[in-house]
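K.L.:
This is the structure alone, sequence omitted:
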């Protein structure tokens, strides 16, 4: 995979062909606090829990059908301010080289194929292997030993009534395929304060910016006519003709697509959460949590007219997409906890949640751009409007839910759990 690639996690297996099989991610009690786990700096994580069975995920309704990942971020724990700085450096490379034929070995294979398919077994070999060197190692041609660096700085602490945690992080990881990589900046602020004996308030906020330079070539996969492991070692990196594809055709070799194409995705996410906890009586607590989440994704892609497989005068191909989503959520719960000396223990919760979601997007694409230096920055400059297309979309959702859970145990030996949830959406 490439640095910053979207995570793929399977907790309860592949349950659907068309729908998502990704688990629900809950960060500090907030659903939809991140777009995926790449939005979280690993230095900020205190604990990760995975919920798999139906009983534990039922409180999340249908959204927990693929399992739930609960992420808890750090809080201040020491009475004195604690400052932590961390720096990491390293390199990434392919775990092992594939044992592929070089040019001479490939010639011997071609001669054998020619011999066994020929009707004249006395016919001499078609090619002389000694005339060919090692040829092109296409995997070595497009990969590299890629360095990465990771920095994080945090400050945390607590007093009798307050706790705080703040952090900044920066990551720069180059991909093992040339011209790919990731840059990421993260920030987090967690605050909590015991305002009164019966009232606690808090705030959690996070920010993430990611810029992904996408892979511009494939090592394997199904693109047999252009992926590195399938290409003939006879093809020079600067050539553009593949004699083994069809009757011989011009192709965009992996070297050409890496050197000439541009493809990047920029993502920005922002989350604000404020909460309060009210102690109504012994064991009885009211909690209200309200969150705002915003996510933006900008996709830029350009294939220039100078690509080997393009026809003369065909021009470049540009694509640009913008996606923005935001959500507002409110979760209000009433919990009661009772522990008796006789061993009967009760933990009950009831709550109401409201959720509002909106997303909008637009895409532009065109073919026939004569000035490759402009890239995607003047999409309307396409000469043939028939190759130009634009699309927009809007999605709105509102959901309200009632939930309840009752846990009973006797001397922590016998357990009973009852969970219910009712969802309504539009």
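P.N.:
Perfect, thanks for sending it. Quick caveat: nothing in here was measured; it's all calculated off a predicted structure. Residues are numbered from 1 along each chain as shown.

K.L.:
wait, what's in contact with residue 284?
P.N.:
By C-beta atoms under 8 Å, 6 or more residues apart in numbering, the contact set of residue 284 is 334-336. All C-beta spots, glycine's among them, are computed from the backbone N, C-alpha and C.

K.L.:
Residues in a beta bridge with it, which ones?
P.N.:
residue 281, residue 336 (DSSP bridges).

K.L.:
what does residue 397 give?
P.N.:
residue 357.

K.L.:
Would you confirm that it contacts residue 424?
P.N.:
No: using C-beta atoms under 8 Å as the test, residue 397 is too far from residue 424 to be in contact (11.5 Å).

K.L.:
Which one's more surrounded, the two?
P.N.:
residue 397 (12 against 9; other C-beta atoms under 10 Å).

K.L.:
Pull the contacting residues for the more buried one.
P.N.:
By C-beta under 8 Å, 6+ apart, the residues touching residue 397 are 355-358, 425-426.

K.L.:
which helices and strands does the least confident helix or strand in the chain by mean pLDDT pack with?
P.N.:
Between all helices and strands in the chain, the lowest mean by mean pLDDT, DSSP states H and E belongs to strand 241-242, at a mean of 74. Helices and strands touching strand 241-242, by 3 or more C-beta pairs under 8 Å, 6 or more residues apart in numbering; DSSP states H and E, are strand 249-250.

K.L.:
circling back to that earlier point, overlap in contacts, residue 397 and residue 424.
P.N.:
When C-beta under 8 Å, 6+ apart defines a contact, no residue borders residue 397 and residue 424 alike.

K.L.:
on that earlier part again, the least confident helix or strand of the chain pairs with which strands, parallel or anti?
P.N.:
Per DSSP bridges, strand 241-242 is paired in its sheet with strand 249-250 (antiparallel).

K.L.:
all helices in the stretch 101-250 of the chain, in order from the N-terminus.
P.N.:
103-117, 138-142 (DSSP state H, counting those that start in this stretch).

K.L.:
starting at the chain centroid, how far to the least confident helix or strand of the chain?
P.N.:
A distance of 35 Å separates the centroid of the chain from that of strand 241-242, by C-alpha atoms, centre = their mean, to the nearest Å.

K.L.:
Next: stretch 273-289.
P.N.:
For stretch 273-289, the distance to the chain centre is 34 Å (C-alpha atoms, centre = their mean).

K.L.:
heads up, I number from 22, so please use that
P.N.:
Noted, 22 is the first residue going forward, which turns the last one into stretch 294-310.

K.L.:
residues of it that come out buried?
P.N.:
Neighbour counts using 16 or more other C-beta atoms under 10 Å place 294, 296, 298, 306, 308, 310 of stretch 294-310 among the buried residues.

K.L.:
Stretch 218-230 too?
P.N.:
221, 223, 225-230.

K.L.:
ok, so of the residues you listed, who is nearest residue 164?
P.N.:
residue 230 (27.3 Å; C-beta to C-beta).

K.L.:
Just say helix, strand or coil for the residue nearest to residue 347 when sequence neighbours are not counted.
P.N.:
Ranked by C-beta to C-beta, 6 or more residues apart in numbering and with sequence neighbours excluded, the top spatial neighbour of residue 347 is residue 315, at 4.5 Å. Three-state call for residue 315 (DSSP: H, G, I helix; E, B strand; the rest coil): strand.

K.L.:
do you know how far residue 315 is from residue 232?
P.N.:
Taking C-beta to C-beta, to the nearest Å as the measure, residue 315 falls 18 Å from residue 232.

K.L.:
So for those two, which sits in the more crowded spot?
P.N.:
residue 232 (17 against 14).

K.L.:
And the more buried one, how far from residue 316?
P.N.:
15 Å.

K.L.:
Under the pLDDT cut-off, which ranges of the protein? List them.
P.N.:
22, 140-146, 264-269 (pLDDT under 70).

K.L.:
and residue 243, how many neighbours does it have?
P.N.:
Look at residue 243: counted by other C-beta under 10 Å, it has 8 neighbours.

K.L.:
In strands only, show me the buried residues of stretch 218-230.
P.N.:
Using DSSP state E, the subset of these located in strands is 221, 223, 225-230.

K.L.:
Now that residue 285 has come up, it's in contact with residue 234, right?
P.N.:
Yes: look at residue 285 against residue 234 with C-beta under 8 Å: they come within range, at 5.3 Å.

K.L.:
Which one of these two is surrounded by more residues?
P.N.:
Legend: neighbour count by other C-beta under 10 Å for residue 285 and residue 234, higher for residue 234 (20 against 15).

K.L.:
Help me confirm that the more buried one comes into contact with residue 284.
P.N.:
Yes: using C-beta under 8 Å, residue 234 is in contact with residue 284, at 7.5 Å.

K.L.:
Need the max-distance pair from the contacts of residue 418.
P.N.:
Between any two of the contacts of residue 418 (C-beta to C-beta), the greatest distance is 13.7 Å, for 379 and 446.
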